[in-house]
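> Just a sequence and a predicted model for now, questions to come.
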Amino acid sequence: MLSKKQLFTRGMVDISPHMLSVIPFGIICGAIGVELGFDPYLVYAMSFIIFGGASQIVFLQLLSGGASSLVAVTSVGIINSRHLLYGAVLSEYLEKLSFIKKLLISYVIVDQGFAESNKFFKKNKSEEYLHYHLIGTGCTMWVCWQIATLSGIILGSFVPEELGLKFAIPLTFIAIVVQDLKKIDHVIVMITCGLSSLLFFDAPFKSYIIISPVIALFVASLLLRLKK
Amino acid sequence: MTLVSIIFAGVLTYFTRMTMVALISRDMLGDKIKSVLEYVPSAVFPAIIFPGIFINDYGTFIEMNDPKIFGALVAVIVGYFSKNIIATILAGLVSYWFLIFVIFS
């Protein structure tokens, strides 16, 4: 049985490789906000209040392109609606927690943290303080994101644009799903999601990010029926 | 951009994170739904991966000989065999840089 501290540390260690892509992305995100002419304090407030990388950039771009606040806020909500799926998966492991603890831990649920903690949870179901792993991944992500976006806001885009570091984002998610390429059912689900995301890329409010998972999960349920 | 709009966006985002964790209990999800939820990572992350590779900053499709496709392929191969996140990201980036700075420059 691992202690709370060991689990927290394990979470920190498990998510730290992703900082290779998260930190440059955070710097870019902060720098874009200032370049688009927004108040630096407000650009930083987004990292604290919204705390969601891709959605923050979309929010800035929409508002600077003249979209209404309503459109921008709706887009953020739709882009981040994928967290509903993460929550549904994680709820199984967090159900013993008190309501207050559930409310607090929810703030730090992010893509990479969900991915790494979910992998750990599946292998260590019997651990008592499992949620400390999620706190570890989430807090590491939070601290790095705040520092990265702040440095982007203060120092500007000191990451050379020619390096194309935005490309590190898809790479980080390739690293997360690549081992599931061994399973044919997962490969089918991934290709369904990927192709749908390209097909629906121009759908309003960036809704491809939730339309394609829904289609892919529908295909997954069909596959499960075939398996039986 | 006002603080109010950021707060609205933040509250909405927080609700997406909190709703299923805090308001849904395990018994409300049947076995069937739980087995479908096993596929969530495979069903969500390609929606971040594919546009990140195949669609450029201007929202249009890239050419089939774009260096990003090659970089992504290298990342998949290295990731599959190394099972290492840092190796996967670096392999993808380095092969991408090799193409844009050495071959295509």
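Alright, I've got the coordinates.
> For chain B, which segments count as helices?
B:3-23, B:31-37, B:40-44, B:46-54, B:67-82, B:85-97 (DSSP state H).
> Return the most buried member of those helices.
A comparison of the helices of chain B by mean neighbour count, using mean count of other Cβ atoms under 10 Å in any protein chain shown, puts helix B:40-44 on top with a mean of 27. (C-beta placed from N, C-alpha, C; glycine too.)
> Quick one: list the elements packing against that helix.
With contacts taken as 3 or more Cβ pairs under 8 Å, 6 or more residues apart in numbering or on different chains; DSSP states H and E, helix B:40-44 sits against helix A:82-94, helix A:111-123, helix A:168-177, helix A:184-199, helix A:208-227.
> Do any residues in the last one lie close to chain B?
So that's helix A:208-227. Yes. Contact check for helix A:208-227 against chain B, using Cβ under 8 Å from any Cβ of the partner chain: residues in range are A:Tyr208, A:Ile209, A:Ser212, A:Pro213, A:Ala216, A:Leu217, A:Ala220, A:Ser221, A:Leu224.
> that older thread, and the helices of chain B as JSON lines, adding mean pLDDT?
Listed next are the helices of chain B as JSON lines, based on pLDDT from 0 to 100:
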{"stretch": "helix B:3-23", "mean pLDDT": "96"}
{"stretch": "helix B:31-37", "mean pLDDT": "91"}
{"stretch": "helix B:40-44", "mean pLDDT": "97"}
{"stretch": "helix B:46-54", "mean pLDDT": "96"}
{"stretch": "helix B:67-82", "mean pLDDT": "97"}
{"stretch": "helix B:85-97", "mean pLDDT": "97"}
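> coming back round to it: and of the helices and strands packed on helix B:40-44, who's closest to B:Thr19?
Between B:Thr19 and the helices and strands packed on helix B:40-44, the shortest gap by Cβ to Cβ is with helix A:82-94, which sits at 6.2 Å.
> Give me the angle between the closest one and helix B:3-23.
On the basis of axes from the mean of the first three to the mean of the last three Cα atoms, to 10 degrees, helix A:82-94 is oriented at 40 degrees to helix B:3-23.
> Other residues contacting the helix or strand following helix A:82-94?
Next along the chain after helix A:82-94, taking DSSP states H and E as the criterion, comes helix A:99-106. Residues outside helix A:99-106 that contact it (Cβ atoms under 8 Å, 6 or more residues apart in numbering or on different chains): A:Gly87, A:Leu94, A:Leu97, A:His131, A:Leu134, A:Ile135, A:Gly138, B:Tyr14, B:Arg17, B:Met18, B:Val21, B:Ala22.
> Count the residues that sit near the fourth one.
This means A:His131. A:His131 has 24 neighbours, counted by other Cβ atoms under 10 Å in any protein chain shown.
> I'd guessed A:Ser151 sits against A:Gly30; true?
Yes. Contact criterion Cβ atoms under 8 Å: A:Ser151 and A:Gly30 qualify, at 6.8 Å.
> And these two? Which one has more around it.
Neighbours per residue (other Cβ under 10 Å) separate A:Ser151 from A:Gly30, with A:Gly30 holding more: 29 against 17.
> what's the first-to-last distance across stretch B:50-64?
Using Cα to Cα, to the nearest Å, the end-to-end distance of stretch B:50-64 comes out at 14 Å.
> can you list contacts of that stretch?
A:166-167, A:169-170, A:173, A:193-195, A:197-198, A:201-202, A:208, B:68-69, B:72.
> circling back to that earlier point, among the helices of chain B, which is nearest A:Thr74?
Among those, helix B:3-23 comes nearest to A:Thr74, with 8.4 Å by Cβ to Cβ.
> Now find how far off-centre that closest one is within its chain.
Mean C-alpha position of helix B:3-23 versus that of the full chain (Cα atoms, centre = their mean, to the nearest Å) differs by 21 Å.
> Quick one: list the elements packing against it.
Short answer (3+ Cβ pairs under 8 Å, 6+ apart): helix B:3-23 packs on helix A:40-49, helix A:53-64, helix A:69-80, helix A:82-94, helix A:99-106.
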